[in-house]
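Novice: fold the stuff below for me.
(one chain, ligands or ions: 2)
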Amino acid sequence: MHRQSAPFTNYPTYMAKHPLKTDPPKERAFLVGVDIRSEQSLLEVEDSLEELAMLADTAGMEVVGQVFQRLDKPNSSTLIGKGKLEEVKALADETMADAIIFDNELSPRHQRELEKHIGQKIKLLDRTALILDIFAMRASTREGALQVELAQYEYRLPRLTRMWTHLVRQSGGGGSSSAGSVGVRGPGETQLESDRREINARLAHLRKDLSKVRAHRDRHRQRRKRSETPVVALAGYTNAGKSTLLNAISDADIYIADQLFATLDPTTRRVEFPDGQGVLVTDTVGFIQKLPTALVAAFRATLEEIVEADLILHVADLTHDNAVEHMDAVQQTLDELGVESPKLMVFNKIDLLEDPDLLAAYEAEFPEAVFISAHQKLGLDNLLATIQSRLNMSLANVDVFLPYTEGHLISLMHERGQIDEIEHLETGVHVIGRIPHRLVSRFPKTVVPDDES
Ligand SMILES: Nc1nc2c(ncn2[C@@H]2O[C@H](COP(=O)(O)OP(=O)(O)OP(=O)(O)O)[C@@H](O)[C@H]2O)c(=O)[nH]1
Ligand SMILES: [Mg+2]
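Specialist: Numbering: from 1, shown residues only. Ligands and ions are numbered 1, 2, ... in the order given. Here you go, the predicted structure:
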């Protein structure tokens, strides 16, 4: 390997005298992937492991090795076969790993049995624990922090083993802090026996707090709804560029990073169209394949921003090798959340496409999609125009009689609707036209009363 010439020769002695006071050594992670033939999975085991490596990196770990095994069906006790487990143990020892991370979610039984084999010196984690850990690092709002803590306790409760009690009180009970080591960041662990009771009490407390915070946010959202401004939500695989896009089209200043789950809590900004009309755009947590259902459930309330949006921009990184699989994973999660809002496909990072013919090919393949570079601000005008037309497209026909006493509905019709015919009658107006779907329920269903027509 190429090395720059050292300014001094006795480097080890120098280091011993002047230890670096910067980052503590990273935890060393050894990754294990399992490809189970009987189970559907979106990504190839190698690609999924690559993603797991990025997750580990995001959590602040150093990946020191990995193996995977293909199985017809999982081993009921240790997930992987006995021989493979021995190999994993030996490799983890050899690479001086602090943690072994499974790409598949470990059942409480798997966790228990594997820990018996691996021993207490090496920590055993799975993808879910890792994601929860990153979420705990990222949560910045009270609701986000409460949701993560709740999800962490729910995940750990059935898995309470000696491992957790061993990692005594690293970050204190309660509160998702960034203290502690990966996988046990957040709620601290106390002794096994009293833990269950304590955790159950904490869970009850968290649920109560969370429902208070949510009630507050619901009121906020109701107010926003009444403001009539359409809401556009950004959804997409983690690292697709959602936050970069919102920053590019608004004055938002959201944290952007080439990491997974850079964003956790939702941010909403008003975005203006050239004609002065505006929409509210919400950026929120990214999706990932194998996102545990429990986690989706934990974030359901936050993700309601997406569920209730008038339009969803599905942002995808066009240049990612697994772009198609990522899109499927996002679609699956949206389905799981019961999202029915109209969607607009937005392909991002076109600046990374070296061959211009490639873009044309993609455009031909996805004629409904918009192609942008959020980073280079390419195609954003077209995106805004498309959003505007898609929102207007979702107009519903109305044929209503609006009494003069309902002046606000008449002005709403003028402001947000398109009027084809208007007839001024004695006690009100008869309007035929179109109004955005979301406002339909505010108008009376009735057409013109008999004595007026
Ligand atoms: N080349 C290029 N890079 C981009 C573009 N948009 C975003 N990126 C980069 O992609 C990475 C992820 O961007 P983010 O905006 O944080 O992605 P995100 O979808 O918000 O990700 P999460 O919050 O983690 O779900 C960052 O390193 C960005 O600089 C783009 O148009 N072109
Ligand atoms: Mg983001």
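Novice: where does the prediction get shaky in the stretch 151-300 of the chain?
Specialist: Segments of the stretch 151-300 of the chain classed as low confidence (criterion: pLDDT under 70) are 161-194, 221, 223-228, 275.
Novice: L234 versus the residue in it that ligand 1 sits nearest to, what's the distance?
Specialist: Residue nearest to ligand 1 within the stretch 151-300 of the chain (Cβ to the nearest ligand atom): G286, separated by 2.4 Å. C-beta coordinates here come from the backbone N, C-alpha and C atoms, glycine included. Going from G286 to L234 by Cβ to Cβ, to the nearest Å gives 9 Å.
Novice: give me the common contacts of those two.
Specialist: Taking Cβ atoms under 8 Å, 6 or more residues apart in numbering as the contact rule, G286 and L234 both touch K242.
Novice: wait, the residue of the stretch 151-300 of the chain closest to ligand 1 touches Q259, no?
Specialist: No. Distance between G286 and Q259: 10.4 Å, which falls outside the contact criterion (Cβ atoms under 8 Å).
Novice: any residues in contact with both of the two?
Specialist: Taking Cβ under 8 Å, 6+ apart as the contact criterion, the residues that touch both G286 and Q259 are N239.
Novice: now do the contacts for the closest residue to the residue of the stretch 151-300 of the chain closest to ligand 1 other than its chain neighbours.
Specialist: Nearest-residue entry for G286: T238, 3.1 Å, with adjacent residues in sequence omitted and distances by Cβ to Cβ, 6 or more residues apart in numbering. Contacts were defined as Cβ under 8 Å, 6+ apart; by that measure T238 touches L260, F261, A262, V285, G286, F287, I288.
Novice: quick check: the farthest pair among the residues you listed?
Specialist: Using Cβ to Cβ, the pair of the contacts of T238 lying farthest apart is A262 and F287, separated by 13.3 Å.
Novice: residues in contact with K26?
Specialist: Shown here is K26, whose contacts under the criterion Cβ under 8 Å, 6+ apart are G60, M61, E62.
Novice: secondary structure element holding the last one?
Specialist: Read that as E62. In this structure, E62 is located in strand 61-71 according to DSSP states H and E.
Novice: tell me which strands and helices the helix or strand immediately after that strand in the chain is in contact with?
Specialist: Moving toward the C-terminus from strand 61-71, the next helix or strand (DSSP H and E) is helix 82-94. Helix 82-94 sits against strand 27-36, strand 61-71, helix 108-118, with contacts defined as 3 or more Cβ pairs under 8 Å, 6 or more residues apart in numbering; DSSP states H and E.
Novice: note down every partner strand of the first one and its orientation.
Specialist: For strand 27-36, the pairing partners within the sheet under DSSP bridges are strand 61-71 (parallel), strand 99-102 (parallel).
Novice: and the average pLDDT for the shortest one is what?
Specialist: Meaning strand 99-102. The average pLDDT within strand 99-102 is 96.
Novice: using PDB, write out the CA atom coordinates for it.
Specialist: Output of strand 99-102 as PDB, limited to C-alpha atoms (Å, rounded to 0.1, in the frame of the first residue of the first chain):
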ATOM      1  CA  ALA A  99     -20.100  -8.100  18.200                       C
ATOM      2  CA  ILE A 100     -21.600 -10.600  15.800                       C
ATOM      3  CA  ILE A 101     -24.500  -9.200  13.800                       C
ATOM      4  CA  PHE A 102     -27.100 -11.300  12.100                       C
END
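Novice: which other residues reach it?
Specialist: Outside strand 99-102, the residues touching it (Cβ under 8 Å, 6+ apart) are 27-34, 52, 56, 61, 79, 88, 92, 114, 118, 122-127, 130, 182-183.
Novice: if we go to 6 Å?
Specialist: Taking contacts as Cβ atoms under 6 Å, 6 or more residues apart in numbering, the residues outside strand 99-102 that touch it are E27, A29, F30, L31, V32, A92, I122, K123, L124, L125, D126.
Novice: now swap in stretch 401-420 and tell me
Specialist: T427, G428, V429, H430, V431, I432, G433, R434, I435, V448, P449.
Novice: out of these, list just those in strands.
Specialist: Counting by DSSP state E, those place G428, V429, H430, V431, I432, G433, R434, I435 in strands.
Novice: farthest pair within those?
Specialist: The two members of those with the most space between them (Cβ to Cβ) are G428 and R434, at 19.0 Å.
Novice: these two: who's more crowded?
Specialist: Comparing G428 with R434 by neighbour count (other Cβ atoms under 10 Å), the higher total belongs to G428, at 21 against 18.
Novice: next, the closest residue to the more buried one other than its chain neighbours: phi, psi?
Specialist: Leaving out its chain neighbours, the residue that sits closest to G428 by Cβ to Cβ, 6+ apart is P403, at 3.9 Å. Its backbone dihedrals place P403 at phi -60, psi 150, with angles given as degrees, to the nearest 10.
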